[in-house]
Each structure stands twice: as structure tokens, then as C-alpha cells.
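>>> sequence plus predicted model, see below.
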Amino acid sequence: MSTLRLILGDQLNIQHSWYETVSKETTYCMFEMRQETDYVKHHIQKVVGFFAAMQEFSRQLISKGHKVIYLSIDDSTNHQCLEKNLKFIVASLNISKFEYQSPDEYRLDFQLKTICETLSIPSKQVDSEHFYTDRNELSEFFKGKKQFLMERFYRNMRKKHHILMNGEQPEGGEWNYDKSNRNKWKGDPRIPPFINFNNNVDSILKSIKNCGIYTIGRFNGSTLTYPINRKQSLQQLEYFNQNLLVHFGDYQDALHNEEVYLFHSRLSFAMNLKIISPKEVVSSVLDFYRLNSDEITISQVEGFIRQVIGWREYMRGMYWAHMPDYKKLNTLNNQNAIPDFFWTGDTQMNCLNKTINNSLDNAYAHHIQRLMVTGNYLLLTQTNPDVVDDWYLGIYIDALEWVQLPNTRGMSQFADGGLIATKPYVSSGSYINKMSNYCGDCKYNVKERLGEKACPFNSLYWNFLDDKRTQLSSNFRMKMMYSVLNKFSSEELVAMKLRASKIIESPKNY
């Protein structure tokens, strides 16, 4: 019986049980497709990164003796569509059985199930063998509950997998060291230079250009700095442990004019393509911590592990628990367009200028830049979450819908009405000033609410609270801010709303 096995671009797990045995009767297929490059406008480094990692994986399989059909984006036999490519190979090779790993995106899951119904051969879906949880584990955990609190899920994950635990109690006496993870970085301790893997992708860039694929963002030169294979990913993990973990927790929320990555691991791209697994990342971090506990405090380690077994697994679970309806939610009824400067970085607001240009230059921004700078601005300007989703999904190299959508539409834009976040993540300029040095180099004064020199975030913040009073004033966590809003004079509130409306209507002027 001849078997065809499909490998998607985010399923590059060489440790999957599929590859334990080499069989002449099994053929693996991988496709670079316009279907995937064109459904949203992607960053050039994201398209290049996926293609480079896929090509590396194909070569690795072939070196182990596996049979691989790899259709590059410019292959003349490439139909640029998953269904057509699969049916072409099934017919050409007289395939008698089709197998695939569970996709992590709803659209691909639906597409593959539909394709399997039309194939005239048996098909089988297997697990991707990557995550700590299965798709439905979170739904079962919260069954019958009205709230889906991440902290409850995270504590259960710690207990279930015996991570940072002393029996039934958390190691160190605290479940969460988030309060210790909010330091502003002022230039010390020194941040070591990141590893630049210098992956030559010149041929991929030429293929993308020749095929006329439209991309966003920037790419200087012809080398990609991110890890694209397992060896590089393990090197990046080791580098994080030895150089960055010691200060990760302290500065994981920090923002800085001159620093893109700070103490962050740069592992999200490799993890989201399954080149490296969350279990081995967590195990490696824990092992290094045990050997160096005299130098590394538990708050650094817990802050990182919370991102992996808490946040990452939680977001995936919420995605599968609420799709496909989740993608349509817009409970605040925000309808505004995204400003043009999100594609150019050309804005006088320094925090947005730095964050957007970092995103355009590196296809990367860390979670606080995404949440409290760009996301904060887009929510305060009441931007339609559909276009917000498209921007986030397209611009970041690590963005896949299962992780991007609940983070953007839920946590960042509160479009789900509070399924994920217990309150909107909005702030005036004061939070950005507290966590960064952005405001010192800005044209605008973060301490002023009104006037041409006042920080736009300030009037936008109070205008947003007033506009969304019906939806948000009863939220327990918002009561303090509404009590402050209610103390403003009518004249001051009107003046702030007028300034906010000018910013929303003419963002290019700011």
C-alpha cells in the first residue's frame, strides 16, 4: 500500500513518530503555495523564513532516506492550491492512502477534512506531537465555567506536568511572579548581542520576486537571522539559557528605543513551526536553572515558563474552543480603518514609530510592544478588529492564526467581550512612559492631556472610556478609572474628545 503524507509549513518536527521508520511505500509532500502567501499580506521575512525552514526540513528528511516531493513556489507543476496539489500527486503516484498531521489553523483543518471527503482513498489524521495539551483539553477544563481565567489553567498545567512544584505547592511559595516582571531597563545589565545565523536566502528572495508575490516589511541583504533548522534552534535555546534567562523575568515587559529583543529568547518562530518543542524548551530552561540557582532567581524562570505552558497553550485552547465564531466577534463595534503609518512607521509618536519600524525591519516585536503600544493605539482609535487581525497576522514572523487571533482579537482588542481578558488592555501614555524611554525622545509631552504638544494616548484613552461607557463601566476592574473620568469637568472632557476625534480622523498628522 502506497501512502502519501502531507507536511504543512508549520509542522517541521523531525522528532515526530512518522520519521522513526523509513519506508519505500511512504512519500512525504511539502508545498510552497500562493494559497498561503496570498490569503493575507505577509512580511517578506515571514515568507522567506517559512520557505527556508521548509526547504531545510525537506533536505533533512531526504538525508535520512525518506522520499519527499517538494514543490517550490516557482515549480511549473505547482498548482498553488493544497487540494489541487494533493489530488495531482495522488493520481500521479497511484497513492492508496493519505495521512496528515492535525493542522493548528481552523481554515486548514476545514480544508483538509473537505479534501479527504473527495479523495477516493482512505485518509487518516494524526496528532502533531508538539503541544502539552490537545485541542479540547482547555474546553474540558473549563466545562460549565463562565470565565476562562488563564491563571487557573496555568496552575493546573504546573500541577499536571510537575513544573516548578514542591508537591502540591508552587516552588518558591508563589504561583506567579508577574509583579517582579515589570522593571524598566535603563541600559544595565548589559544585553549581549543576539546570534545572527546568517542564513543565505538569496534564491528564495529571487523566486518570490519572480512570482510577483506581494509582501510587506523590509529585508536588507540576503541573509535571515532567525533559526531555520533544529541545530540552529537548539543553539538559540542554549544561548538564551546562558546569556538571557538570568534577567528575562525582570525585563520581559520593558521597552527601549535602541533595543529590539532585550532579554527575549527569539525562539517563537522555531517553536511555532514546531522545529523545537515547548517540552524540550521548558526542560532545558529548568535544567539550566537547577544548575545555576545561585545566580538565577525563580522569578526569571517562572516568567518564561508562564509564557510557554500558560499563555501559549491557553491561547491555542481558547482558539479551538471558540472557532469559527471567534473570528467574527466585535463586541465593542469598532469600525475605523487602520492608519497608513502602520505600513510605513511614519508617525511622530515615538513609541509607535519605534515599535512599527522594528516590526517592519525585523518582523518582530515582543508581547508588550504588541499589546500596549500598537494594540493599545488601535483599540483606543477604535479600529475594526478584522483589519487589526490582518496586520498582526501578516507582519510578524511567528504569527499563525491559532496564536495570533486570540491574542489580538481577545487580549489586545477586547473584541470578544472579555472571554480572554478580564478588562481592556488600554492605557494613557503614563504606562508607556513607566516601562520605556520612548517618551523622552518624543515630540509630545506624556504629562499633558490637552494642547498640541499633549501625548495623543492621553486624550484617546479618556475618549475611549467615555465612548465605551455602556459596555465597560460595569466592569469591576474599570471602576476606578471611571470614577476618575467622572470627576472631569464637562469642558475638559469635551476638549479631550475633540482632540481625540482629530487624531482618529487624521492620524497622519500625528
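Yep, that arrived.
>>> ok, Lys434 - contacts?
Lys184 (C-beta atoms under 8 Å, 6 or more residues apart in numbering). For glycine as for every other residue, the C-beta is placed from the backbone atoms N, C-alpha and C.
>>> ok, and it, which helix or strand is that part of?
helix 429-435 (DSSP states H and E).
>>> let me see the mean pLDDT of that helix.
Averaged across helix 429-435, pLDDT comes to 95.
>>> right, and the helix or strand after that helix?
Downstream of helix 429-435, the next assigned helix or strand under DSSP H and E is helix 456-467.
>>> so which elements touch that next one?
For helix 456-467, the packing partners by 3 or more C-beta pairs under 8 Å, 6 or more residues apart in numbering; DSSP states H and E come out as helix 375-380, helix 429-435, helix 479-485, helix 490-505.
>>> break the chain down into its domains, please.
Per automatic domain parsing, the structural domains of the chain span 3-126, 148-200+229-322, 340-509.
>>> who wins for proximity to Ile208 among those?
domain 3-126 (6.1 Å; C-beta to C-beta).
>>> any idea how far apart the tips of the closest one sit?
14 Å (C-alpha to C-alpha, to the nearest Å).
>>> quick check: end-to-end length of stretch 197-213?
25 Å.
>>> and it, what's buried?
Within stretch 197-213, the residues scored as buried using 16 or more other C-beta atoms under 10 Å are Phe197, Asn199, Val201, Ile204, Leu205, Ser207, Ile208, Ile213.
>>> wait, which of the residues you listed is closest to Leu82?
Using C-beta to C-beta, the buried residues of stretch 197-213 come closest to Leu82 at Ile213, 16.9 Å.
>>> gap between the closest one and Asp390?
Per C-beta to C-beta, to the nearest Å, Ile213 is found 16 Å from Asp390.
>>> now render the domains of the chain as JSON lines, adding distance to Lys328.
Below are the domains of the chain laid out as JSON lines (distance: least, C-beta to C-beta, whole Å):
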{"stretch": "domain 3-126", "distance to Lys328": "12"}
{"stretch": "domain 148-200+229-322", "distance to Lys328": "10"}
{"stretch": "domain 340-509", "distance to Lys328": "9"}
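>>> is it true that Tyr377 touches Phe457?
Yes: with contacts counted by C-beta atoms under 8 Å, Tyr377 reaches Phe457, the gap being 7.2 Å.
>>> I'd say Gly375 and Gln404 touch.
No: Gly375 is beyond contact range of Gln404, at 11.6 Å (criterion: C-beta under 8 Å).
>>> got the end-to-end distance for stretch 189-205?
Per C-alpha to C-alpha, stretch 189-205 runs 37 Å from first to last residue.
>>> coming back round to it: closest to Glu137 out of the domains of the chain?
Evaluated with C-beta to C-beta, these place domain 148-200+229-322 nearest to Glu137, the distance being 6.3 Å.
>>> end to end on the closest one, go ahead and measure it.
OK, domain 148-200+229-322 end separation, C-alpha to C-alpha: 11 Å.
>>> and for stretch 233-244?
Termini of stretch 233-244 sit 15 Å apart (C-alpha to C-alpha).
>>> what's in contact with it?
By C-beta under 8 Å, 6+ apart, stretch 233-244 touches 191-192, 194-195, 227, 248, 263-267, 270, 275-276, 280-281, 284-285, 288.
>>> just how off-centre is that stretch within its chain?
The chain centre lies 20 Å from the centre of stretch 233-244; the measure is C-alpha atoms, centre = their mean, to the nearest Å.
>>> give me the packing partners of the helix or strand encompassing Trp320, helices and strands only.
Assessed by DSSP H and E, Trp320 sits inside helix 313-322. Counting contacts by 3+ C-beta pairs under 8 Å, 6+ apart, helix 313-322 is packed against helix 137-141, helix 150-161, helix 401-405.
>>> mind checking which of these is nearest Asn333?
That would be, of the helices and strands packed on helix 313-322 and by C-beta to C-beta, helix 401-405, which comes in at 18.7 Å.
>>> so for the helix ranked longest in the chain, what gets flagged as buried?
Identified as the longest helix of the chain according to DSSP state H is helix 44-63. Across helix 44-63, burial judged by 16+ other C-beta under 10 Å covers 44-58, 60-61.
>>> go on, stretch 178-188?
Under 16+ other C-beta under 10 Å, the buried positions of stretch 178-188 are Asp178, Ser180, Asn181, Trp185.
>>> about what we covered before: more neighbours: which of Tyr377 and Phe457?
Phe457 (29 against 25; other C-beta atoms under 10 Å).
>>> distance of that one from Ala500?
10 Å.
>>> all helices of the stretch 201-350 of the chain, in order?
202-210, 230-239, 245-251, 268-272, 278-291, 298-305, 313-322, 350-362 (DSSP state H, counting those that start in this stretch).
>>> got the angle between the fifth one and helix 313-322?
Computed with axes from the mean of the first three to the mean of the last three C-alpha atoms, to 10 degrees, the direction of helix 278-291 lies at 160 degrees from that of helix 313-322.
>>> so which other helices or strands are in contact with helix 278-291?
Counting by 3+ C-beta pairs under 8 Å, 6+ apart, helix 278-291 packs on helix 230-239, helix 245-251, helix 298-305.
>>> now do 10 Å
helix 230-239, helix 245-251, helix 268-272, helix 298-305 (3 or more C-beta pairs under 10 Å, 6 or more residues apart in numbering; DSSP states H and E).
>>> hmm, who's touching it?
With contact meaning C-beta atoms under 10 Å, 6 or more residues apart in numbering, helix 278-291 is reached by 15, 130-132, 161, 163-164, 233-234, 237-238, 240-242, 245-246, 248, 265, 267, 270-271, 276-277, 295-298, 300-302, 304-305, 307-309, 312-313.
>>> ok, the spatially closest residue to Thr347 that is not a sequence neighbour - contacts?
Leaving out its chain neighbours, the residue that sits closest to Thr347 by C-beta to C-beta, 6 or more residues apart in numbering is Phe341, at 4.3 Å. Counting by C-beta under 10 Å, 6+ apart, Phe341 makes contact with Thr347, Gln348, Met349, Leu352, Asn353, Ile356, Pro507, Lys508, Tyr510.
>>> which among the residues you listed end up buried?
Thr347, Met349, Leu352, Asn353, Ile356, Pro507, Tyr510.
>>> redo the residues you listed as CSV? Include distance to Ser102.
Below are the buried ones among the contacts of Phe341 laid out as CSV (distance: C-beta to C-beta, whole Å):
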residue, distance to Ser102
Thr347, 41
Met349, 42
Leu352, 38
Asn353, 41
Ile356, 34
Pro507, 41
Tyr510, 45
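>>> between the residues you listed, which sits nearest Val484?
For those, the nearest to Val484 is Met349 (23.2 Å; C-beta to C-beta).
>>> surely the closest one meets Tyr444?
Yes: counting by C-beta atoms under 10 Å, Met349 touches Tyr444, with 6.6 Å between them.
>>> who touches both of those two?
Gly429, Cys455, Pro456, Phe457, Tyr510.
>>> still on that earlier bit, need the next SSE after the longest helix of the chain, C-terminal direction.
Scanning onward from helix 44-63 (DSSP H and E), the first element met is strand 67-71.
>>> touching that next one from outside, list them.
By C-beta under 10 Å, 6+ apart, the residues outside strand 67-71 that reach it are 4-5, 7, 22-33, 54-55, 57-62, 77-80, 85, 88-89, 92-93.
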